[in-house]
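Student: Need the 3D shape of this:
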Amino acid sequence: MIGVVVGLVLALAMQRVRVLERAALPLVVLSQTVPLIALAPLVRAWGSRLAIGGVEWQPWMSVAVIASYLAFFPVAVGMLRGLQSPDPIHVEYLRSCGASWIQTVVRLRLPASVPHLLPALRLGAAGAVIGTVVAEVATGLPGGLGRMIVEYANFAGSDPARPWAPIMGAVAIGLVAAGAVGLVGATLTRFRRGEVAA
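Tutor: Predicted coordinates for the structure are as follows:
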């Protein structure tokens with residue numbers, strides 16, 4: 001959820017301020033080239049030094065940050081593409097009617113972004129599941145699916161079915177996340193004409 005909110009806010013900011021788009025978009029793309037397996041221990045180490053308002057950083061928070069890190073990229077890029085998709089004639093018409101930027105976003109740009117946003121949310125949901133599993137392995141978080149996958153891999157010879165249990169768990173979580181995006185899409189059916197493939 002954090003990754004989705006950050007992606008949406010970043011996309012709105014980049015659409016509003018073109019200089020920010022030119023400055024931030026290459027950095028957003030560049031951020032996804034950092035290997036996750038190297039980033040997760042750093043996030044855990046930095047987080048363990050934080051204490052915000054008396055709340056200590058917990059190991060699961062590092063996993064949540066990594067999952068959000070993978071989820072925000074497709075959401076930010078898809079939303080930005082959707083916000084920029086309306087025909088300039090429609091944008092100029094709203095301006096000529098005296099519509100503010102907020103009114104233009106709400107009445108034109110947000111509805112136009114739905115066909116771009118839903119595939120981006122699907123990619124973000126899948127990325128969050130992958131990020132969670134990798135972060136659990138890289139940070140050594142006990143009890144998570146990532147740790148179970150590593151631990152149960154040792155039983156591949158003696159109990160071949162055992163390593164598949166956490167893998168199927170990760171698949172089930174991914175399906176639930178995709179189903180949640182599908183439910184969101186079902187409520188936005190009238191805006192989904194011309195939906196872009198992910």
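
Student: ok, then the element right after the helix or strand bottoming out on mean pLDDT in the chain?
Tutor: Least confident helix or strand of the chain, by mean pLDDT, DSSP states H and E, is strand 51-52 with a mean of 72. Counting by DSSP states H and E, the next helix or strand C-terminal to strand 51-52 is strand 55-56.

Student: what about that following strand, average pLDDT?
Tutor: For strand 55-56, mean pLDDT rounds to 76.

Student: So for stretch 168-181, what gets flagged as buried?
Tutor: The neighbour-count check on stretch 168-181 (16 or more other Cβ atoms under 10 Å) flags 170, 173-174, 177, 181 as buried. All C-beta spots, glycine's among them, are computed from the backbone N, C-alpha and C.

Student: For Arg122, see how far away the residue nearest to the spatial centre of the chain is.
Tutor: The centre of the chain sits closest to Ala71, judged by Cα atoms, centre = their mean, with a distance of 1.7 Å. Counting by Cβ to Cβ, to the nearest Å, the gap from Ala71 to Arg122 is 11 Å.

Student: who does the longest helix anywhere in the chain touch, helix- and strand-wise?
Tutor: With DSSP state H setting the assignment, residue counts place helix 110-139 as the longest helix in the chain. On a contact count with 3 or more Cβ pairs under 8 Å, 6 or more residues apart in numbering; DSSP states H and E, helix 110-139 meets helix 2-16, helix 36-47, helix 59-83, helix 145-152, helix 164-187.
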